[in-house]
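Enquirer: I'll drop the sequence and a predicted model, then ask my questions.
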Amino acid sequence: MLLQLGDFQFQVSTLAYQELTRSSSVRWAVHDIVGNDQRLQATGRNNDTIRLQGVFFPQFASEVGGAVGTESIDQVRDTMKEQKPLLLTAATGDTLGYWVIEELDTGQSLFSAGHGVPRKQTFTIGLKWYGTSV
């Protein structure tokens with residue numbers, strides 16, 4: 001397991017992401033000062049975001065007892081539509097707090113002859129920090 005988001009485990013037999021990026025930022029208010037330089041005032045932190053990018057090969061996953069077709073990506077999409085904060089846990093067992101699935105982008109290619117099932121699926125999942133509790 002690479003990560004677990006709620007009940008969904010990111011692993012080779014479901015979705016194994018190739019890249020994880022985390023973004024943190026803060027807010028600054030600008031105050032104009034007559035006859036002088038502007039002043040900045042810290043107004044707080046923005047919620048962190050995580051982006052998981054990867055490629056999923058359903059045929060390979062089914063050979064190791066995992067998902068077939070688009071069911072793993074469909075499961076993430078269904079979970080996103082529930083609009084609930086989910087506990088994020090790292091493979092090390094570290095609890096990373098609650099996150100929401102903010103977006104899911106997918107692509108499909110290399111369709112199998114006769115079945116129309118994509119043999120290659122790309123995905124990007126955008127998560128946003130919710131908090132330490134729900």
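Expert: Arrived safely, thanks for sending. Residues are numbered from 1 along each chain as shown.

Enquirer: switch to C-alpha atoms for all contacts and neighbour counts from now on
Expert: Will do.

Enquirer: Mind listing residues that contact the longest helix along the chain?
Expert: As assigned by DSSP state H, the longest helix anywhere in the chain is helix 71-81. For helix 71-81, the external contacting residues (C-alpha atoms under 8 Å, 6 or more residues apart in numbering) are 8, 14-15, 100-104, 123.

Enquirer: Report the buried residues of it.
Expert: For helix 71-81, the buried set under the neighbour-count rule, 16 or more other C-alpha atoms under 10 Å, comprises 72-73, 76-77, 79-80.

Enquirer: What ranges in the protein fall below the confidence cut-off?
Expert: Residues of the chain meeting the criterion pLDDT under 70: 60-69.

Enquirer: quick one: the strands in it?
Expert: Shown for the chain, the strands assigned by DSSP state E span residues 3-5, 8-10, 17-23, 26-31, 39-45, 49-56, 86-90, 95-111, 118-131.

Enquirer: so how far is residue 125 from residue 99?
Expert: Going from residue 99 to residue 125 by C-alpha to C-alpha, to the nearest Å gives 12 Å.
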